[in-house]
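Take this sequence and fold it.
(chains A and B)
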Amino acid sequence: MEAVQAVRGMNDILPEQVGWWQGIEAAARKVLENFGYREMRTPVAEKLELFARGIGESTDIVEKEMYAFEDRNGDWLALRPEATASIVRAYVQHGLHGDSSYHKFYQIGPMFRHERPQKGRYRQFHQIDAEVFGLDGPMIDAEMMHMVSLLMERIGISGVSLNINTLGCPKCRQVYREVLKKFLSDKGDGFCEDCMRRRETNPLRVFDCKVKSCAQLLESAPQLIDHLCEDCRAHFEAVRDHLEKLGTPYAVNPRIVRGLDYYMRTTFEVITDRLGAQSAIGGGGRYDGLVRDLGGPDVAAVGFAMGLERLVLLLEQEKTKPVRSPLCFFASLGDQARASAFLLSQKLRERGVETEIDYEGRSLKSQMRRADKSGAKYVLILGEDELARREVQLRDMLTKTQRILPLDTILETLETIEAEKFNP
RNA sequence: GUGGGUGUAGCUCAAUUGGUUAGAGCACUGGGUUGUGGCCCCAGAGGCUGUCGGUUCGAGCCCGAUCACUCACCCCA
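Prediction:
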């Protein structure tokens, strides 16, 4: 019989790796809640239309990467390729904007994009996503980037850098787009095939190009920063000023143009050189028009997303793997003793003492080996002799010392030991 | 969607110009100790060499196809 395999690009996270995930998620929840963000959980599937309108019809995500399917009743649905559109939808649908001038939400969960998998990129991947609605000033932009930097630190990841940029507003971007288009066509045919295409469809994206000759030609290109309208310039300068006062290191990088249509003004990415081709471990920015475009009130919005798989890959490079060990292993000899050990170990677990036992009646040597491998600090040994005397041996695996306890005190004794683990 | 690389035991890898019984380390099981872990010693179990086809007296090895994994392009977290 042939075994069924997991879907390409959709990975199992096995117990051996899951410690990384739990650590990252716990750190993220703590930091986000500290900054006033509240968790929201939205469905993994939405109406296809939501993503088409929210992300942009002409983006790669919508054009060729979506898991779209027809529901049995004829509706077109899609597995979410990102979280922002869903959170905006829920915010609008439940009228959450009514009770306060601004709101902060976060979500942690799986996203789906039908791309060819490679290192740090999978078809089901996981994001930590945060959104703020209702604040249009530069303060929240800076706070969000400051928070992201703190989050990296709390997770335990170093050697990453924060790159920021501004895309201007639709008004000044339109002016700049024409200036850039003129520059690009004046330069002639020196660009790579992709850039020749980009300069017609989405000229800003040429700055994303990795081809050396293109980068050279672009050195003298006009910069968006020099073509900002007065409001956009003031906003960007205030963001930078806040970051500097917060002591959050950053670099201005005009190449941060972001792939989704809805971004404007502030954009940022957290970048590393340790993940192969995938340099961005997180990114975000401002998208003031999106809520209105999705049928909601005309409120400003800022948000970011971080890739959990990428965080895990980085964390694996610099920290040792977290391990999960029981406090005690309950070894027994003989059927009667094993039956008693079974009952007592359930009592221990009921009291919150993490306990492992032998179910199979194996040799004591084999049980000791298993106990050692499990990392248990203590082994309880109950043989027929001990059982007859209503006693049990308590072995400290580290010091290799053993003492005899009355059988009916082990619950209290181990409970005390367990408590000392937290208040030594 | 396009291109490169790799598929041998649970894991990491060997296997002479194509040659007869496909090996090792780690992990696993049992024993060395009538009831005591890590180290050591002994033994055992574990494989349709990804799959299908071709060349050959003979294929883990050569050829083709296919599938999977992987890296990269595009794009993105």
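
so what are the domain limits for chain A?
A:15-167+A:245-318, A:170-228, A:328-417 (automatic domain parsing).

most tightly surrounded among these?
Most buried of those, by mean neighbour count (mean count of other CB atoms under 10 Å): domain A:15-167+A:245-318, with a mean of 18. Heads up, the C-betas are built off the backbone N, CA and C, glycines and all.

Now do the end-to-end distance for that one.
The separation between the terminal residues of domain A:15-167+A:245-318, taken as CA to CA, to the nearest Å, is 20 Å.

Before we go further, A:Thr267 is sitting in a helix, right?
No - A:Thr267 is assigned strand when assessed by DSSP: H, G, I helix; E, B strand; the rest coil, not a helix.

close enough to count as contact, it and A:Leu162?
No - the criterion here is CB atoms under 8 Å, and A:Thr267 misses it with A:Leu162 at 11.5 Å.

Please dump the domains of chain A into CSV; it should also carry mean pLDDT for every row.
Shown next, in CSV, are these (pLDDT from 0 to 100):
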stretch, mean pLDDT
domain A:15-167+A:245-318, 91
domain A:170-228, 74
domain A:328-417, 92
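
Which of those sits closest to A:Phe236?
Nearest to A:Phe236 among the domains of chain A is domain A:15-167+A:245-318 (4.3 Å), distances taken as CB to CB.

hmm, the closest one touching RNA strand B?
Yes - Domain A:15-167+A:245-318 lies within reach of RNA strand B by CB under 7 Å from any atom of the strand, at A:59-61, A:65, A:82, A:113, A:115-122, A:125, A:127, A:258-260, A:269, A:276-283, A:305-307, A:309-310.

I figured A:Arg395 hits A:Val379, correct?
Yes - between A:Arg395 and A:Val379 there is a contact at 4.4 Å, judged by CB under 8 Å.

Show me what the longest helix along chain A is packed against.
With DSSP state H setting the assignment, residue counts place helix A:15-34 as the longest helix in chain A. Packing partners of helix A:15-34 (3 or more CB pairs under 8 Å, 6 or more residues apart in numbering; DSSP states H and E): strand A:103-112, strand A:124-133, helix A:138-155, helix A:308-318.

residues making contact with the longest one?
For helix A:138-155, the surrounding residues in contact (CB atoms under 8 Å, 6 or more residues apart in numbering) are A:23-24, A:27-28, A:30-32, A:35, A:130, A:132, A:158, A:160, A:162, A:164, A:235-236, A:238-239, A:242-243, A:246, A:248-250, A:265-266, A:268, A:270, A:282, A:284, A:286, A:302-304, A:306, A:311, A:315.

Check which helices and strands the host helix or strand of A:Thr413 sits against.
Counting by DSSP states H and E, the element that carries A:Thr413 is helix A:410-422. Helix A:410-422 makes packing contacts with helix A:335-350, strand A:378-382, strand A:391-396 when contacts are defined by 3+ CB pairs under 8 Å, 6+ apart.

Parallel or antiparallel, which strands does the shortest one pair with?
Put plainly, it is strand A:378-382. The strands beside strand A:378-382 in its sheet (DSSP bridges) come out as strand A:328-332 (parallel), strand A:391-396 (antiparallel).

check whether it contacts RNA strand B.
Yes - contact of strand A:378-382 with RNA strand B is found when judged by CB under 7 Å from any atom of the strand, involving A:Val379, A:Ile381.

Just the C-alphas of that strand, formatted as PDB.
Output of strand A:378-382 as PDB, limited to C-alpha atoms (Å, rounded to 0.1, in the frame of the first residue of the first chain):
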ATOM      1  CA  TYR A 378      13.500  11.900  39.100                       C
ATOM      2  CA  VAL A 379      12.600   8.300  38.800                       C
ATOM      3  CA  LEU A 380      10.200   6.600  41.100                       C
ATOM      4  CA  ILE A 381      10.900   2.900  41.400                       C
ATOM      5  CA  LEU A 382       8.100   0.600  42.700                       C
END
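
tell me how far the next helix or strand after that strand is from the chain's mean position?
Next helix or strand after strand A:378-382 toward the C-terminus (DSSP H and E): helix A:384-388. Between the centre of helix A:384-388 and the centre of its chain there are 52 Å (CA atoms, centre = their mean, to the nearest Å).

for helix A:384-388, packing partners?
Looks like helix A:384-388 contacts helix A:335-350 (3+ CB pairs under 8 Å, 6+ apart).

So which elements touch the helix or strand following the helix it packs on?
Under the assignment DSSP H and E, the closest C-terminal helix or strand after helix A:335-350 is strand A:355-357. On a contact count with 3+ CB pairs under 8 Å, 6+ apart, strand A:355-357 meets strand A:328-332, helix A:335-350, helix A:364-374.

repeat that for 10 Å
In terms of contacts (3 or more CB pairs under 10 Å, 6 or more residues apart in numbering; DSSP states H and E), strand A:355-357 is packed against strand A:328-332, helix A:335-350, helix A:364-374, strand A:378-382.

what's in contact with the longest one?
Defining contact as CB atoms under 10 Å, 6 or more residues apart in numbering, one finds that helix A:335-350 is touched by A:326-334, A:353-362, A:380-388, A:392, A:407-408, A:410-411, A:414-415, A:418.

List the pairing partners of the helix or strand just after the longest helix of chain A within its sheet, with orientation.
Counting by DSSP H and E, the next helix or strand C-terminal to helix A:15-34 is strand A:38-39. Neighbouring strands of strand A:38-39 in its sheet, by DSSP bridges, are strand A:103-112 (parallel).

quick one: A:Val302 and A:Phe105 touch, right?
No - A:Val302 is not in contact with A:Phe105 according to CB atoms under 10 Å; the separation is 11.6 Å.

joint contacts of the two?
What both A:Val302 and A:Phe105 touch, as defined by CB under 10 Å, 6+ apart, is the set A:Ala130, A:Glu131, A:Val132, A:Phe133.

Give the bridge partners for the last one, please.
I take that to be A:Phe133. Assigned bridge partners for A:Phe133, using DSSP bridges, are A:His103, A:Ala301.

ok, now how distant is it from A:Val392?
According to CB to CB, to the nearest Å, A:Phe133 stands 60 Å off from A:Val392.

got it, and the first one?
In this view, A:Ala130 and A:Val392 are 51 Å apart by CB to CB.

And stretch A:234-247, what's buried?
Neighbour counts over stretch A:234-247 (16 or more other CB atoms under 10 Å) mark A:His235, A:Phe236, A:Val239, A:Arg240, A:His242, A:Leu243 as buried.

Include pLDDT, distance to A:Cys172 and secondary structure when you put the residues you listed into a markdown table, please.
Listed next are those as a markdown table, based on pLDDT from 0 to 100; distance: CB to CB, whole Å; DSSP: H, G, I helix; E, B strand; the rest coil:
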| residue | pLDDT | distance to A:Cys172 | secondary structure |
| --- | --- | --- | --- |
| A:His235 | 95 | 11 | helix |
| A:Phe236 | 95 | 11 | helix |
| A:Val239 | 96 | 16 | helix |
| A:Arg240 | 96 | 17 | helix |
| A:His242 | 96 | 21 | helix |
| A:Leu243 | 96 | 22 | helix |
